[in-house]
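J.: Fold the stuff below for me.
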Amino acid sequence: MTPTRRRVDVDLEELDRVLDGARESPLSEADCEKVKTALHALAAMFVRPRSTEKTNAVLPKSEAPGENAGPQPDESLTPPAKGHGRNGAEAFSGAQKIDIQHQNLKHGDRCPDCGQGNVYGQKEPKMLVRVVGQAPLAATVYSLERLRCGACGQVFTAQEPEGVGPEKYDETATAMVAQLKYGSGVPFNRLEQLEAHLGIPLPATTQWEMVEEGAELIKAARDELIRQAAQDEVLHNDDTGMKVLKMNREPGDKRTGTFTSGIVSTKGQRKIALYFTGRQHAGENLADVLRQRASELGPPIQMCDALSWNTSKLSEGVEVMIAHCLAHGRRQIVDVAENFPAECRYVLEQLGEVYRIDAMARNTGLSPQERLRFHQEHSQPIMDRLHKWLEAQLAEHQTEPNSGLGQAIRYLLRHWQPLTLFLRQAGAPLDNTLVERSLKRAVLHRKNSLFYRTLNGAQVGDLFMSLIHTCQLCGVNSFEYLTELLRHRRELAAHPALWMPWNYRDQLPPADV
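T.: Model prediction:
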C-alpha cells in the first residue's frame, strides 16, 4: 500500500532556496522530505478521479480470456446500441398533435400531375416538429369592461370567459411548481428570480403555499402508494443524510442525524418509489410500510446493503427474506484494486460474468422462475468457484486478513448467503442500484436547496417526490398526473386505488385522454 505522507508546511520561496542549494551540496534529509512532499502533492492534483467502477477502468485491460466463462450472448437476442442522432417525432410524447389536411386534394381525387391515376392517403404522414420557448409559469390578464349607469350608478361588468375559475393559481401552476421543486431540484427562490425576469411575479412564499395546499389535497394518492408497495414482491431500501432546520425531538432521543429514506418496491414490471424524511433510518421506515402488508401474503424480498440500520425489527408476524447488494460487495474489491491488481481482477471478472448472465436473462424477458433456473445453471458454478477462492485466500494465508483485500474478502464471506439469494429465490435482484438511483432525487434537492426548514416541509417534499419518481419509473408524464390529481381530488379521495399513475387515465373523460 502507498504510505500516507506526513504533512509538511512549505512555500515556494523555501522550495527555490532548497533547489538552489542542491546545486552546490547534497540535500539534507529534511530538505529532501520537503521536495518529495511537494512533488507528491503536485502529482495528486493531476490524478483524475474515477467516474466509473467498470473493470476495464479500475484495472488495465487483460488480454487473457477469463477461464470457465459463462454462456456467450446470442447476438440475435442483444438489442442494437442506441444511436445519438436527432429525436424523431414519436419521441415528443408530450407535444400537442395537430393533423393538417391537404389543402387541394383528398383521398380518391384524380392526380393533378398525370391526370390518369387517383391519389390515396399514405399510412405514414410527413411529420414536422416545431419547438417554442415559454416561461415555466405563464399568466393571462383578463381586462373585463365595466359600464356605469349615469342615473342610478349601477355598474355592469363583462362576464369572465368560460373556464376561467375564481382561483388566481390553477392546478397546472401548482403541478408545475411541484415538478420544478421536487422533480428537478429548482429552489423556490431561484424560480422566483426567473419568473420575475420574465415579467411574472411569483414569490417563494406563494410557491410554498401552493405546494403545501396541493399536497394536502392529493395525500390520498401517496397513502395508496404506500399501501400497494407493502403488498409487492421485492422492496429495496436505503437512505441518505438530509438536514431539517427546525425539528422537535422527544425527551431522551439521543439521535442527532436526520435522513431521507428511499424505498422502491417492484411487482412484475411495476415499480413504486417512496420517500420518508426524519429521524428514522431506512429499516425503520420499511418496517412501518410493511405493517400494511396483508397477512395472507408470503414474506417479501428486502434488498439493501449490509448496514445494520437498513434492517429493523419488524412487527410481529411480518417476515422478510434479506438480500444484500452485490454491487456493494464488488465495491469493496474496487477500492483496493490498485494495491492488489491480480487478485482483484479475478474477483471482478467473475462477478462481471454473473452480471452479464443476468443481463441476458433480462434482455430475453425470462420469467422470475426461468431467470432463477438460468442463474442456477450458469451463475451458480461461477459463484461456487469464487467462494472457494475467497476462502482459500484466508485459509492458506495468501492474503493478510487485516489488509485492504483481506477486509474486502471477509466482507464477502460474512454476507455470502444474502449476497447470493438470487441463486435460491425467484425474483431476487443482484443489487440495490434501483433505490440508489431514486435517492439521487433527494440528493439533488439537498444540493440545490440545502435543507428543509421544518418537518412539515420535508413531508410535503416526500409526498411529491414519491408521486413524481413513481411516474418516471412507470413511464408516465408526472406533470399531467399531478394536474389530474388536483383537478379530480374528490374522486381521488373516494377511490384512491383508481388514481394511480398506471391507471388514472381510465378515469378521465374521453375528451381529456
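J.: Give me the buried stretch members for the longest helix along the chain, please.
T.: Ordering each helix of the chain by length in residues (DSSP state H) puts helix 368-395 first. Across helix 368-395, burial judged by 16 or more other CB atoms under 10 Å covers 371-372, 374-375, 378-379, 382-383, 386, 390, 393. Backbone N, C-alpha and C define where each C-beta goes, glycine included.
J.: Quick one: list the elements packing against it.
T.: helix 341-363, helix 404-414 (3 or more CB pairs under 8 Å, 6 or more residues apart in numbering; DSSP states H and E).
J.: Any idea which of those gets closest to residue 255?
T.: Residue 255 lies closest to helix 404-414 among those, at 26.2 Å (CB to CB).
J.: and the angle for that closest one with helix 341-363?
T.: Orientation check (axes from the mean of the first three to the mean of the last three CA atoms, to 10 degrees): helix 404-414 against helix 341-363 gives 40 degrees.
J.: and the closest residue to residue 255 other than its chain neighbours, how far is that from residue 458?
T.: What sits nearest to residue 255 in space, not counting adjacent residues and going by CB to CB, 6 or more residues apart in numbering, is residue 279, at 5.2 Å. Distance of residue 279 to residue 458, given as CB to CB, to the nearest Å: 11 Å.
J.: Compare neighbour counts for the two and give me the winner.
T.: residue 458 (24 against 16; other CB atoms under 10 Å).
J.: Tell me which residues touch that one, please.
T.: Listed by CB atoms under 8 Å, 6 or more residues apart in numbering, the contact set of residue 458 reads 242, 244, 260, 277-278, 452.
J.: Serialize the helices and strands packed on helix 368-395 to JSON lines and add fields for distance to residue 210 and mean pLDDT.
T.: As requested, those are exported to JSON lines (distance: least, CB to CB, whole Å; pLDDT from 0 to 100):
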{"stretch": "helix 341-363", "distance to residue 210": "41", "mean pLDDT": "94"}
{"stretch": "helix 404-414", "distance to residue 210": "47", "mean pLDDT": "95"}
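J.: got the residue ranges for the strands in the stretch 1-150 of the chain?
T.: Taking DSSP state E, counting those that start in this stretch, the strands of the stretch 1-150 of the chain run over residues 146-148.
J.: any weak-confidence spans in it?
T.: Residues of the stretch 1-150 of the chain meeting the criterion pLDDT under 70: 1-10, 43-51, 61-85.
J.: before we move on, what about the stretch 351-500 of the chain?
T.: Filtered on pLDDT under 70, the stretch 351-500 of the chain yields no residues whatsoever.
J.: what's the spatially closest residue to residue 474 that is not a sequence neighbour sitting at in phi/psi?
T.: Closest residue to residue 474 apart from its sequence neighbours, by CB to CB, 6+ apart: residue 501 at 4.8 Å. Note on residue 501: backbone dihedrals following degrees, to the nearest 10 are phi -60, psi -30.
J.: Tell me how many other residues crowd residue 501.
T.: Neighbour number of residue 501 under other CB under 10 Å is 24.
J.: so who does it touch?
T.: Going by CB under 8 Å, 6+ apart, residue 501 touches 467, 470-471, 474, 476, 478, 481.
J.: still on that earlier bit, now the residue nearest to residue 255. Its backbone dihedrals?
T.: According to degrees, to the nearest 10, residue 279 has phi -80, psi -20.
J.: re earlier: among the buried residues of helix 368-395, which one lies nearest to residue 180?
T.: For the buried residues of helix 368-395, the nearest to residue 180 is residue 371 (39.0 Å; CB to CB).
J.: thinking again about what came up before, with the contacts of residue 458 in mind, which one is nearest to residue 496?
T.: Out of these, the member with the shortest distance to residue 496 (by CB to CB) is residue 277, at 22.2 Å.
J.: which stretch of helix or strand covers the nearest residue to that closest one once chain neighbours are set aside?
T.: Once flanking residues are discounted, residue 277 sits nearest to residue 458: 3.8 Å by CB to CB, 6+ apart. Of the helices and strands defined by DSSP states H and E, residue 458 is found in helix 455-474.
J.: Which helix or strand lies directly C-terminal to that helix?
T.: Following helix 455-474 in sequence, per DSSP H and E, is helix 478-487.
J.: Not counting that following helix itself, show me its contacts.
T.: Helix 478-487 has contacts (CB under 8 Å, 6+ apart) with 94, 171-172, 174-176, 178-179, 183, 214, 217-218, 221, 464, 467-468, 471-472, 492, 499, 501, 504, 508, 512.
J.: Contacts only, for residue 244.
T.: 258, 277-278, 451-455, 457-458.
J.: Apply 7 Å and report the result again.
T.: By CB atoms under 7 Å, 6 or more residues apart in numbering, residue 244 lies in contact with 258, 277, 451-452, 454-455, 458.
J.: Same check on residue 437?
T.: By CB under 7 Å, 6+ apart, residue 437 lies in contact with nothing.
J.: Just confirm it is within a strand.
T.: No: counting by DSSP: H, G, I helix; E, B strand; the rest coil, residue 437 is located in no strand; its state is helix.
J.: ok, now how distant is it from residue 327?
T.: Between residue 437 and residue 327 the computed distance is 12 Å (CB to CB).
J.: likewise residue 258?
T.: Distance check for residue 258 against residue 327: by CB to CB, it reads 26 Å.
J.: ok, these two, which is more surrounded?
T.: Taking neighbours as other CB under 10 Å, residue 258 and residue 327 compare with residue 258 leading, 20 against 17.
J.: so what's that one closest to, chain neighbours aside?
T.: In space, residue 258 is closest to residue 244, 4.9 Å off (CB to CB, 6+ apart).
J.: how close does the residue of the chain most remote from its centre get to residue 327?
T.: Seen from the C-alpha centroid of the chain, the residue lying at the greatest distance (CA atoms, centre = their mean) is residue 151, 67.9 Å away. In this structure, residue 151 and residue 327 are 83 Å apart, going by CB to CB.
J.: Likewise for residue 211?
T.: Distance from residue 211 to residue 327, counting by CB to CB: 35 Å.
J.: Just put the buried residues of helix 368-395 in JSON lines and tack on distance to residue 161.
T.: Shown next, in JSON lines, are the buried residues of helix 368-395 (distance: CB to CB, whole Å):
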{"residue": "371", "distance to residue 161": "57"}
{"residue": "372", "distance to residue 161": "61"}
{"residue": "374", "distance to residue 161": "61"}
{"residue": "375", "distance to residue 161": "62"}
{"residue": "378", "distance to residue 161": "66"}
{"residue": "379", "distance to residue 161": "64"}
{"residue": "382", "distance to residue 161": "68"}
{"residue": "383", "distance to residue 161": "68"}
{"residue": "386", "distance to residue 161": "70"}
{"residue": "390", "distance to residue 161": "73"}
{"residue": "393", "distance to residue 161": "77"}
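J.: Take the contacts of residue 501 and lay them out in CSV including distance to residue 103.
T.: Listed next are the contacts of residue 501 as CSV, based on distance: CB to CB, whole Å:
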residue, distance to residue 103
467, 45
470, 45
471, 40
474, 41
476, 37
478, 39
481, 38
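J.: State the pair within those that is farthest apart.
T.: Using CB to CB, the two most remote members of the contacts of residue 501 are 467 and 474, lying 10.8 Å apart.
J.: Residue 263 falls within a strand, correct?
T.: Yes: counting by three-state DSSP, residue 263 is located in a strand.
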